[in-house]
Each structure stands twice: as C-alpha cells, then as structure tokens.
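Novice: got a predicted structure here, sequence first:
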Amino acid sequence: MENITFQFDQRLGISVPEFALPWEELPSREQQSVMLHWEQERGKIPDRIAELEKEINKLQDMLYEESRFDRSCELNDSISELASTINDLWLWYRASEGVEVKRHH
C-alpha cells in the first residue's frame, strides 16, 4: 500500500488509515488491499467499545459514591472523554459503509 498507511491511534485503540491520495484516485488493487486491512481493524471496534463502556460504568459507580465536587468534576470529564472516544469509534466503524456502497454501484 503505497498511498495509505495505517497508524495506531492511542486514544481509539485501533489503527486508522492515513491517505496520501483521495480514495477515488487509488488504484483498484490498492483499494482492495486497504479494504482487507481495514476490515481487520474495523472488526476490533465493537470489542474496543465494550472495553470503554466497562470503564465508563466503573467511573459512574465511583461518581455515584463521590461526595467531593472537584473529584466529581474529574470523573465527569473522564466519562465524557470516553464517551467521545466511543462516538469516534462508531464513526470509524460506519466510515467504510459508504465505500462499500460505492464499490457495488
């Protein structure tokens, strides 16, 4: 894959593609190779989301018991960041759906 690299995103916990060229300009052989590699990464997303949801649940339990305002704010910030990461993972999970539709038309 000359025009695309997969870089590990620490926040997301998966490797995501970085394109040197627009998708439409990639040779079809490279598009197929990217799709194969992406499907492997994409398959990790539901498990990663489940891990993050468990972390959120633990933080929510801690928040429920927390009486200090400053610590409650910290816990809320952590929960918000994890929820944002989950949202981004869902966006990545759905990102290839548009590509799949284009390939079939």
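Specialist: Perfect, thanks for sending it. Bear in mind the structure is a predicted one, so any value in this text is a computation, not a measurement.

Novice: now do the contacts for the residue positioned nearest the centre of the chain.
Specialist: In the chain, the residue lying closest to the centroid (CA atoms, centre = their mean) is Leu89, at 2.6 Å. Taking CB atoms under 8 Å, 6 or more residues apart in numbering, we find Leu89 in contact with 12, 14, 45, 48-49, 52. Where C-beta positions appear, they are placed from N, C-alpha and C, glycine not excepted.

Novice: farthest pair in those residues?
Specialist: Ile14 and Leu52 (11.6 Å; CB to CB).

Novice: would CSV of the contacts of Leu89 with distance to Met35 be doable?
Specialist: Shown next, in CSV, are those (distance: CB to CB, whole Å):
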residue, distance to Met35
Leu12, 19
Ile14, 16
Ile45, 15
Arg48, 20
Ile49, 21
Leu52, 25
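
Novice: between those residues, which has the most around it?
Specialist: Ile14 (20 neighbours; other CB atoms under 10 Å).

Novice: now do the buried residues in the longest helix seen in the chain.
Specialist: When the chain is parsed with DSSP state H, its longest helix is helix 69-104. Residues of helix 69-104 classed as buried by neighbour count (16 or more other CB atoms under 10 Å): 75, 78-79, 82, 85-86, 89, 92-93, 96.

Novice: out of those residues, which comes closest to Met35?
Specialist: Ser96 (7.1 Å).

Novice: show the pLDDT at the closest one.
Specialist: pLDDT, Ser96: 68.

Novice: for the residue in the chain sticking out farthest from the centre, which three-state class applies?
Specialist: With distances taken as CA atoms, centre = their mean, the residue sitting farthest from the centre of the chain turns out to be Ser67, at 33.1 Å. Following DSSP: H, G, I helix; E, B strand; the rest coil, we place Ser67 in the coil state.
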